[in-house]
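Trainee: no letters, just coordinates:
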């Protein structure tokens, strides 16, 4: 768990250092990535999930159908995952 938190902190710093996200948005991107990784780990039943297109699609569908988030919120989650995968 400590490894994940360290990686997420580095991810947030990377977003800010590269000016890829506004300072106010970076913490939200980190939270979306954490939520996505938690979801993927739960779905796959492993502590370190593999990120695949199907997992991302399933997560975004989960947000829309089960969590009932707005399209803009779903888009923010997608952008955070996209930055993670780049």
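Mentor: Everything's here; your move. Keep in mind the model is a prediction, meaning the values are calculated, not measured.
Trainee: I'd like to know how far residue 83 sits from residue 46.
Mentor: Applying Cβ to Cβ, to the nearest Å, the value for residue 83 to residue 46 is 23 Å. In short, each C-beta sits where N, CA and C put it, glycine included.
Trainee: between the two, who's got more neighbours?
Mentor: Between residue 83 and residue 46, counted using other Cβ atoms under 10 Å, residue 83 has the larger neighbour count: 18 against 10.
Trainee: so the more buried one touches residue 30, yeah?
Mentor: No - Residue 83 lies out of contact with residue 30 (Cβ atoms under 8 Å); the separation is 10.0 Å.
Trainee: for whichever helix in the chain runs longest, which positions count as buried?
Mentor: Ranked by number of residues, the top helix in the chain under DSSP state H is helix 26-44. Burial within helix 26-44, assessed by neighbour count using 16 or more other Cβ atoms under 10 Å, is assigned to 26, 28, 29, 30, 32, 33, 34, 35, 36, 37, 39, 40.
Trainee: also stretch 50-61?
Mentor: For stretch 50-61, by 16+ other Cβ under 10 Å, it's 55, 56, 59, 60.
Trainee: what is the nearest of those to residue 69?
Mentor: Residue 69 has its nearest neighbour among these in residue 60, at 9.4 Å by Cβ to Cβ.
Trainee: ok, and what's touching the strand or helix carrying the closest one?
Mentor: For residue 60, the element it lies in under DSSP states H and E is helix 53-65. By Cβ atoms under 8 Å, 6 or more residues apart in numbering, the residues outside helix 53-65 that reach it are 36, 39, 40, 43, 44, 49, 69, 73, 74, 77, 78, 81.
Trainee: now do 10 Å
Mentor: The set of residues external to helix 53-65 that reach it, using Cβ atoms under 10 Å, 6 or more residues apart in numbering, is 32, 35-40, 43-44, 49, 51-52, 69-71, 73-75, 77-78, 81-82, 84-85.
Trainee: quick check: mean pLDDT of it?
Mentor: Per-residue pLDDT over helix 53-65 has a mean of 95.
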